[in-house]
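*Asks:* sequence-free structure coming up:
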């Protein structure tokens, strides 16, 4: 008898299962590689036990394969019997599924209702609600969500700050956006959000054509992120007007890091001499 068929038959014959037995069955089913067999096994388990964990797993599967409307119904049914974090997960799943199925209004209502709770899942709900508000062009509403998350701390605080900065820029509030980006760099060093904030700050400074004049080049990188980190570290050392450039050379993209501009070549050479005292090499480059 094939293994998958054996699993399904054993579930149908099992009758009422204890909590520990359900957990074991779910673990066994999770090892199935075939999607159809996986769903059949979960469905069979749900028929012989009212345990909402099986229905929650079905909802997760339906969402993964794009059956969003059915996933929403399954999440809703599971959420009525689940407790604690699992219940919150089910509510978030229902809201996200309804949004994905095209019912943005209904899905957002669920996410925003769940966001009023105090939990990591509530923070996730608020973050997802902000994302869907953006898709609907409701940037001010999305900004309100992002700011509340940023002020509340937790795992979503830094991503929310970054989202708020982007929304402020879209809304034309560029000075506020810069303040948000600078606070991310300061408060969350070494994180992906800090790297993204540093990149955004340099994009402010290097937007458009570079200002003509003399510069002192102190490094050049083939990877933009490495150039951003290096330039940010030099700014923190008080090096002054550190700027990131983008150039094509022999078919390769390079990211030089330079200080300037200086009005004259003599001023640039004086800067080179000053850097040498700090054991930093530099060479003068003219940008026309």
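*Replies:* Perfect, thanks for sending it. These numbers come from a predicted model, not from an experiment.

*Asks:* Please make it C-alpha for all contacts and neighbour counts, starting now.
*Replies:* OK.

*Asks:* Name the residues of the biggest strand by length in the chain that are buried.
*Replies:* Scanning the chain for the strand with the most residues, using DSSP state E, yields strand 252-262. By 16 or more other C-alpha atoms under 10 Å, the buried positions in strand 252-262 come out as 254, 255, 256, 257, 258, 259, 260, 261, 262.

*Asks:* can you pull the pLDDT of the fourth one?
*Replies:* According to the predicted model, the pLDDT of residue 257 comes to 91.

*Asks:* residues contacting it?
*Replies:* By C-alpha atoms under 8 Å, 6 or more residues apart in numbering, the contact set of residue 257 is 217, 218, 219, 220, 227, 231, 242, 243, 244, 245.

*Asks:* want to throw the residues you listed into JSON lines with pLDDT, distance to residue 157 and secondary structure?
*Replies:* Converted to JSON lines, these look like this (pLDDT from 0 to 100; distance: C-alpha to C-alpha, whole Å; DSSP: H, G, I helix; E, B strand; the rest coil):
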{"residue": "217", "pLDDT": "95", "distance to residue 157": "36", "secondary structure": "strand"}
{"residue": "218", "pLDDT": "94", "distance to residue 157": "35", "secondary structure": "strand"}
{"residue": "219", "pLDDT": "93", "distance to residue 157": "33", "secondary structure": "strand"}
{"residue": "220", "pLDDT": "92", "distance to residue 157": "33", "secondary structure": "strand"}
{"residue": "227", "pLDDT": "85", "distance to residue 157": "26", "secondary structure": "helix"}
{"residue": "231", "pLDDT": "82", "distance to residue 157": "25", "secondary structure": "helix"}
{"residue": "242", "pLDDT": "83", "distance to residue 157": "28", "secondary structure": "strand"}
{"residue": "243", "pLDDT": "84", "distance to residue 157": "28", "secondary structure": "strand"}
{"residue": "244", "pLDDT": "82", "distance to residue 157": "28", "secondary structure": "strand"}
{"residue": "245", "pLDDT": "86", "distance to residue 157": "31", "secondary structure": "coil"}
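
*Asks:* Among these, which one lies nearest to residue 40?
*Replies:* residue 227 (51.6 Å; C-alpha to C-alpha).

*Asks:* Name the nearest residue to that closest one, sequence neighbours excluded.
*Replies:* residue 221 (5.7 Å; C-alpha to C-alpha, 6 or more residues apart in numbering).

*Asks:* Any idea how many residues pack against the one you found?
*Replies:* Neighbourhood size, residue 221 [other C-alpha atoms under 10 Å]: 16.

*Asks:* likewise residue 24?
*Replies:* 12.

*Asks:* Helix or strand: which one has it?
*Replies:* In this assignment (DSSP states H and E), residue 24 forms part of helix 19-30.

*Asks:* got the buried residues for that helix?
*Replies:* 22, 25, 26, 29.

*Asks:* Specify which member of these is nearest to residue 90.
*Replies:* Once C-alpha to C-alpha is applied, the member of the buried residues of helix 19-30 that ends up nearest residue 90 is residue 26, at 17.1 Å.

*Asks:* Stretch 27-39: end-to-end distance?
*Replies:* Across stretch 27-39, the terminal residues are separated by 14 Å (C-alpha to C-alpha, to the nearest Å).

*Asks:* ugh, typo on my part, it should be stretch 110-122
*Replies:* 11 Å.

*Asks:* Tell me which residues touch residue 201, please.
*Replies:* Residues near residue 201 by C-alpha under 8 Å, 6+ apart: 178, 181, 182.

*Asks:* so what's the first one scoring on pLDDT?
*Replies:* Note for residue 178: predicted pLDDT of 85.

*Asks:* My read is that it contacts residue 165, right?
*Replies:* Yes. The pair residue 178 / residue 165 is scored as a contact, 7.1 Å apart, by C-alpha atoms under 8 Å.

*Asks:* So for the two, which sits in the more crowded spot?
*Replies:* Neighbour count, other C-alpha under 10 Å: between residue 178 and residue 165, residue 165 has more, with 28 against 19.

*Asks:* nearest residue to residue 73 other than its sequence neighbours?
*Replies:* residue 94 is the one closest to residue 73 (C-alpha to C-alpha, 6+ apart), at 7.2 Å.

*Asks:* same thing with residue 85?
*Replies:* residue 121 (7.3 Å).

*Asks:* can you check residue 222 too?
*Replies:* residue 254 (4.9 Å).
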